[in-house]
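A.B. asks: please find the sequence and the predicted model below.
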Amino acid sequence: MKVINRHLEWVILLTGLVLMAFLNPYSTETSWCLIDLLGFSYCPGAGLGHSIAFLFRGEIINSLEANLIGPIAVVVLSLRVINIWKNLIVTHKSDLMENYHA
């Protein structure tokens, strides 16, 4: 269980980024926004998935038009994943050194 907890966050974040990267940004299918599904007309994250999908295709203008936060979200989530990986590597090296000296 400890291994799952250690890796759960980065797996979820990276999976979300990859899924949004492969999303068809030109699709007009049903929104996954909970607020939108409840019938409200405004969703604060509207276009975020499309923005990320456009960004991964190199369409920066379309990405910014879909949602200004999209590129920022990609940077923040990517940095978080890298930070988690870095901490896991440091922890793993520390555990190896502990076992080596024991």
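C.D. replies: Good, I have the coordinates.

A.B. asks: what's the weakest-modelled helix or strand in this structure?
C.D. replies: Least confident helix or strand of the chain, by mean pLDDT, DSSP states H and E, is helix 34-37 with a mean of 80.

A.B. asks: quick check: residue 41 vs residue 31, distance?
C.D. replies: Distance of residue 41 to residue 31, given as Cβ to Cβ, to the nearest Å: 11 Å. For every residue, glycine as well, the C-beta is placed using N, CA and C.

A.B. asks: also residue 5?
C.D. replies: 31 Å.

A.B. asks: please enumerate the strands of the chain.
C.D. replies: According to DSSP state E, the chain carries no segments that qualify as strands.

A.B. asks: mind listing what's buried along the helix ranked longest in it?
C.D. replies: The helix that spans the most residues within the chain, counting by DSSP state H, is helix 69-101. Across helix 69-101, burial judged by 16 or more other Cβ atoms under 10 Å covers 69-71, 73-74, 77, 81, 84.

A.B. asks: for it, name the packing helices and strands.
C.D. replies: helix 2-21, helix 48-56, helix 60-66 (3 or more Cβ pairs under 8 Å, 6 or more residues apart in numbering; DSSP states H and E).
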